[in-house]
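[1] With the sequence up front, the predicted model follows.
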Amino acid sequence: QIQLVQSGPELKKPGESVKISCKASGYTFTDYAMHWVKQAPGKGLKWMGWINTYTGKPTYADDFKGRFVFSLEASASTANLQISNLKNEDTATYFCARRRIYYYDGTYYYGFDYWGQGVMVTVSS
Amino acid sequence: DIQMTQSPASLSASLGETVSIECLASEGISNDLAWYQQKSGKSPQLLIYAASRLQDGVPSRFSGSGSGTRYSLKISGMQPEDEADYFCQQSYKYPYTFGAGTKLELK
């Protein structure tokens, strides 16, 4: 069955870096884009950007340019999110999500049909 | 960026009651709208895509409708397992954006 399995929780100090992994199984990894979503404690969902799993090209939302890097280990069907120079406001759960393309009524539509379980990153001195 | 205004922020429903949640986009999104359910401590789950298409495995009491800038999610007959947060999300333009969420509780 299709699964996205993320790495475990992280406790970091301000200024440190963290790398989160998202291992996909049960489907052809390069057939679907991988997106990243942030959820601060008790808050809503915020789209961070995505990585083309075929070319490796990342695209970042404006709020996530600079300290955030999406990468792949395609041979291992794994997408990674690295955050450098961590700040208190980076404390959140980070989800990877597979974007599926649907064709309906002559038009393409999109949806995140599988999600990782989320990784809680806590930044505290 | 396209702003997604979701309402209400919270609501309480009795068992079997029909509930509706709305999302208003700041510009037309041509039905490229998805709805997600997120239970406490869990990952979001896709319920609806293309504004009205039910994702495989989702109970038929969930339905979506709308067009242009106004969309809604309806739950026809509240069940205990429907207690969750619900989010709308547009994929019409980058950056993708989510509504702020609706907390649905069982009365």
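    On my side now, so go ahead. Numbering: from 1, shown residues only, chains lettered A, B, ... in the order given.

[2] Report the mean per-residue pLDDT for the helix or strand residue A:97 falls within.
    Assigned by DSSP states H and E, residue A:97 belongs to strand A:92-104. Averaging pLDDT along strand A:92-104 gives 97.

[3] Residue 63 in helix, strand or coil?
    Because you didn't say which chain, this covers chain A. With DSSP: H, G, I helix; E, B strand; the rest coil as the basis, residue A:63 sits in helix.

[4] ah, no, chain B please
    Under three-state DSSP, residue B:63 comes out as strand.

[5] which residues touch it?
    B:48, B:52, B:54, B:73-74, B:76 (Cβ atoms under 8 Å, 6 or more residues apart in numbering or on different chains). Any C-beta I mention is one placed from the backbone N, CA and C, and that applies to glycine too.

[6] buried stuff in the strand holding residue A:97?
    Residues A:92-100 are the ones in strand A:92-104 that count as buried (16 or more other Cβ atoms under 10 Å in any protein chain shown).

[7] what's it packed up against?
    strand A:3-6, strand A:18-25, strand A:33-39, strand A:78-83, strand A:107-115, strand A:119-123 (3 or more Cβ pairs under 8 Å, 6 or more residues apart in numbering or on different chains; DSSP states H and E).

[8] angle of the third one against strand A:119-123?
    Inter-element angle recorded for strand A:33-39 and strand A:119-123: 50 degrees (by axes from the mean of the first three to the mean of the last three Cα atoms, to 10 degrees).

[9] Just say helix, strand or coil for residue B:35.
    strand.

[10] any idea of the mean pLDDT in stretch B:13-31?
    Rounded mean pLDDT across stretch B:13-31 is 98.

[11] for stretch B:39-49, that is, sorry about that
    98.

[12] what bridges to the residue nearest to the spatial centre of chain A?
    Nearest to the mean C-alpha position of chain A, counting by Cα atoms, centre = their mean, stands residue A:36 at 2.8 Å. Judged by DSSP bridges, the bridge partners of residue A:36 are residue A:49, residue A:96.
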